[in-house]
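Q: turn this into a structure:
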Amino acid sequence: MKGLQHALWAALCWYASPASAYEPDVFGTANGVARQAVYDESRSDLACHFAPPSAPLSLEEVIERILCHDPQVRLSWANAKARAAQVGVSQSAYLPRLDGRLNGSRGNGNIDYDNPALRSGDGHRRRNSSSLDLNWVLFDFGRRDAALNNARQLLRAANANQDSALQAAFIQAAQDYYGALAAERTLAASDQIAEVAAQNLEAADAKYKAGAAALSDRLQAQTAFSQAYLRQIRDRGTLRNALGNIALRIGLAPETPLHLAGDLNRFPDTHFVKAVDELLAQARQEHPAMLAAQARLEAAKAAIEETRAAGMPSIALTASLSRGRNDQSQVFNGNSNDRDRSVALQVSIPLFEGFSRSYQIRIAQAQVEAGQAQLADTEQQVALDLWSNYQTLRIDTESLQRTSELVTQSRQSLQVVQGRYRSGVGSMIELLNALTAYTDAQNQHIQTLNSWQTSRLGLAASLGRLGFWTLE
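A: Okay, the predicted model is just below:
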């Protein structure tokens, strides 16, 4: 009696102690949480331990810092861990259940017999008892198998959602980085344009003072210089805004001075760009949104089997071991000890549940239909995104060379017109037109460079293949 009670009290104290805060992973379900898919096999998971930036930040470092601080990435990871734990819950259903009980009671009572031959009286009553109950489901028509399959499919979906969240944060970080590089380059171009505008103003002022040009030339040059100066102010603000966004996303104050180490002119390889039909086939197999939708559909199918099996009989092995002691007055027949042991096979047969099972199955069937529609919608959306990014990358790739040529040609034209104006042959209108053409060419080329970098990564994301290897 005391040995059983001591064992139960020890178990109760262990569960109530701080040691119970550590929850062991007996089934190893944590290994089912996918590692970050944006890394290749040669790299480990996110370290997420960074010192304040002291050197210019590379694109890879900015992305790593942003991935570590992105709330959606942390949320998707927590959801995947929860789904992995649910797999453990489903696996635990195959093991027996063992419950312990400790009971203690104390009271007073009295007995008053109508028969004078019997002795009436009052006294105390105390009872202490302990028991162990075992319940082990042996057969349930596949209900546990279906529940485990459902949990595993939902874990697959959670892993795919985690990959999708990582890729979304990845491409947003890359877009922010390239946007900041484009802002830096735009500001540099604005500085150059402002310098040219200042030279034009100096030349127009000198000619006006010498009587070789009209006042209108000087005023037009002054206007062009003021516009260039205003463009500098705006472009400098755009750059500060872009760097502030990056600082906030990596967990720093927006005023933190940041310096970027990249260059928009760096052109990584695009060997993954194939015929669009091959890309579509690849996306259907590898895109995380497709994998998540397929897993959710399989989970819905498993839910139908689980619901049907829940309406079938089940067989369980039950066992019980109990001990008790009654400490009471003689009027209640004195002290006594009792002991009970039992082993049984228990068959549970659901006979009537008010037709709820039928409607639960109908709900599960409707969820399968919804999963099929969701899979078709996801496939269509993936194809649309892939086609859009594919065409954008093709256009940007063809435009890069043309915009580069346009910058060279407009620069040469501006230099010729500047020389003509200084020599007294050209007009201010011609000079201002050449300056405007050069400014537009610079802006178009910078925008195309930025668009090419982001559309290249966008195409990789449409394939479900976005990762650090796409930056090389």
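
Q: residue ranges in this structure under the pLDDT threshold?
A: Residue ranges of the chain with pLDDT under 70: 1-22, 35-48, 107, 109-124, 266-274, 328-334, 469-470, 472.

Q: tally of neighbours for A253?
A: Counted with other C-beta atoms under 10 Å, the neighbours of A253 add up to 8. (C-beta placed from N, C-alpha, C; glycine too.)

Q: what segments of the stretch 101-250 of the chain are strands?
A: 121-139 (DSSP state E, counting those that start in this stretch).

Q: run through the helices of it in chain order.
A: 143-209, 215-249 (DSSP state H, counting those that start in this stretch).

Q: right, and those helices - which one's nearest L345?
A: Taking C-beta to C-beta, helix 143-209 is the member of these nearest to L345, at 17.9 Å.

Q: kindly export stretch 163-170 (C-alpha atoms) in PDB.
A: Written as PDB, here are the backbone C-alpha positions of stretch 163-170 (Å, rounded to 0.1, in the frame of the first residue of the first chain):
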ATOM      1  CA  ASP A 163       9.800  28.000 -47.000                       C
ATOM      2  CA  SER A 164       7.300  30.400 -48.600                       C
ATOM      3  CA  ALA A 165       7.600  32.900 -45.800                       C
ATOM      4  CA  LEU A 166      11.400  32.700 -46.000                       C
ATOM      5  CA  GLN A 167      11.400  33.300 -49.800                       C
ATOM      6  CA  ALA A 168       9.000  36.200 -49.400                       C
ATOM      7  CA  ALA A 169      11.200  37.800 -46.800                       C
ATOM      8  CA  PHE A 170      14.200  37.000 -48.900                       C
END
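
Q: report the buried residues of it.
A: Neighbour counts using 16 or more other C-beta atoms under 10 Å place 163-170 of stretch 163-170 among the buried residues.

Q: kindly report the same for stretch 137-154.
A: So stretch 137-154, judged by 16+ other C-beta under 10 Å, has buried residues 137, 140-141, 143-154.

Q: contacts for that stretch, please.
A: 32, 83, 86-87, 89-91, 93-94, 295-296, 298-299, 302-303, 305-306, 309-310, 312-317 (C-beta atoms under 8 Å, 6 or more residues apart in numbering).

Q: picking that back up, deepest of the helices of the stretch 101-250 of the chain, which one?
A: helix 143-209 (a mean of 21; mean count of other C-beta atoms under 10 Å).

Q: just how off-centre is that one within its chain?
A: 18 Å (C-alpha atoms, centre = their mean, to the nearest Å).

Q: what's the angle from that helix to helix 215-249?
A: 160 degrees (axes from the mean of the first three to the mean of the last three C-alpha atoms, to 10 degrees).

Q: pull the CA atoms of stretch 463-472 into PDB?
A: Extracted in PDB, the C-alpha atoms of stretch 463-472 (Å, rounded to 0.1, in the frame of the first residue of the first chain):
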ATOM      1  CA  LEU A 463      10.000  28.600 -59.400                       C
ATOM      2  CA  GLY A 464      10.300  28.000 -55.700                       C
ATOM      3  CA  ARG A 465      14.100  28.100 -56.100                       C
ATOM      4  CA  LEU A 466      15.000  31.300 -54.400                       C
ATOM      5  CA  GLY A 467      18.100  31.100 -52.200                       C
ATOM      6  CA  PHE A 468      21.500  32.400 -51.500                       C
ATOM      7  CA  TRP A 469      22.800  30.500 -54.500                       C
ATOM      8  CA  THR A 470      20.800  32.800 -56.800                       C
ATOM      9  CA  LEU A 471      22.900  35.700 -55.600                       C
ATOM     10  CA  GLU A 472      26.100  34.300 -57.000                       C
END
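
Q: if I look at A165, how far off is A51?
A: 26 Å (C-beta to C-beta, to the nearest Å).

Q: re the thing from before, let's have the helices of the stretch 101-250 of the chain in TSV, adding distance to L75.
A: Converted to TSV, those look like this (distance: least, C-beta to C-beta, whole Å):
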stretch	distance to L75
helix 143-209	7
helix 215-249	15
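
Q: quick one, what contacts S314?
A: 137, 139-141, 143, 347-348 are the contacts of S314 under C-beta under 8 Å, 6+ apart.

Q: let me know the closest of these to T378.
A: Distances from T378 to the contacts of S314, taken by C-beta to C-beta, are shortest for R143, at 29.8 Å.

Q: so what's the closest one closest to, chain neighbours aside?
A: Nearest-residue entry for R143: A309, 3.5 Å, with adjacent residues in sequence omitted and distances by C-beta to C-beta, 6 or more residues apart in numbering.
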